[in-house]
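A.B. asks: sequence plus predicted model, see below.
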Amino acid sequence: MPKAVITSDSDAIVAEIDIAAPPSRVFEALTDPEQLARWFTSETCPAKSWQMDARLGGSYSYASGPSSLVVNGVSEFKCHGEITRIAPPQLLEYTWFGNWHLNPGEKTVVRWELTPTASGTHVRVTHSGLALDPEAHKDYGGGWPGVVEKLKEFTEAPQS
């Protein structure tokens, strides 16, 4: 499983993975709400809903069902935000407001960078703005590696 790296200023979590699928396929999985609902989920934190309007200024939202995870006293997770940068199929960036953060109104940013490789795509996800929330910081350090692994499994599988 990929590892998360914490930046030297403790503000961001970075997770990277190589995927044997073209950037266009990976980008589609990151921006299509039906696909997000299929792969951005787990038994411990099941997705209840995913909405994504993948355009500059568009919004997204995610909600989980009841989870066995508890972060800052929250076990049903909701996040939402706005697309701040988009350049298909290389870049997707959005604000991220999570109801399990110490200050749910404080903006963090998730940035997906997709780089073509000889065998597919190198994916780098950076979640920044986390320095003031150590509990969420710890949660994302364990969470993003699993997310990119699920993205890899989903995009490398034959499409049905």
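C.D. replies: Sure thing, it's come through.
A.B. asks: quick one: the residue sitting furthest away from the middle of the chain and Asp9, what's the gap?
C.D. replies: Distance to the chain centre peaks in the chain at Ala118, reaching 24.3 Å (criterion: C-alpha atoms, centre = their mean). Separation of Ala118 from Asp9 (C-beta to C-beta, to the nearest Å): 33 Å. For glycine as for every other residue, the C-beta is placed from the backbone atoms N, C-alpha and C.
A.B. asks: can you get me a residue count around Gly141?
C.D. replies: 18 (other C-beta atoms under 10 Å).
A.B. asks: which secondary structure state is assigned to it?
C.D. replies: helix (DSSP: H, G, I helix; E, B strand; the rest coil).
A.B. asks: could I get the host helix or strand of Ile83 in PDB with only the CA atoms?
C.D. replies: In the assignment (DSSP states H and E), Ile83 maps to strand 78-87. This file holds the C-alpha atoms of strand 78-87, laid out as PDB (Å, rounded to 0.1, in the frame of the first residue of the first chain):
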ATOM      1  CA  LYS A  78     -19.700  14.800   5.200                       C
ATOM      2  CA  CYS A  79     -17.500  17.000   3.100                       C
ATOM      3  CA  HIS A  80     -18.100  19.500   0.300                       C
ATOM      4  CA  GLY A  81     -16.300  22.200  -1.600                       C
ATOM      5  CA  GLU A  82     -15.800  24.000  -4.900                       C
ATOM      6  CA  ILE A  83     -13.600  23.200  -7.900                       C
ATOM      7  CA  THR A  84     -10.900  25.800  -7.900                       C
ATOM      8  CA  ARG A  85      -8.700  24.400 -10.700                       C
ATOM      9  CA  ILE A  86      -9.400  21.900 -13.400                       C
ATOM     10  CA  ALA A  87      -7.300  21.000 -16.500                       C
END
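A.B. asks: show me what it packs onto, helices and strands only.
C.D. replies: strand 59-64, strand 91-98, strand 108-117 (3 or more C-beta pairs under 8 Å, 6 or more residues apart in numbering; DSSP states H and E).
A.B. asks: pull out the buried residues from it.
C.D. replies: Lys78, Cys79, His80, Gly81, Glu82, Ile83, Ile86 (16 or more other C-beta atoms under 10 Å).
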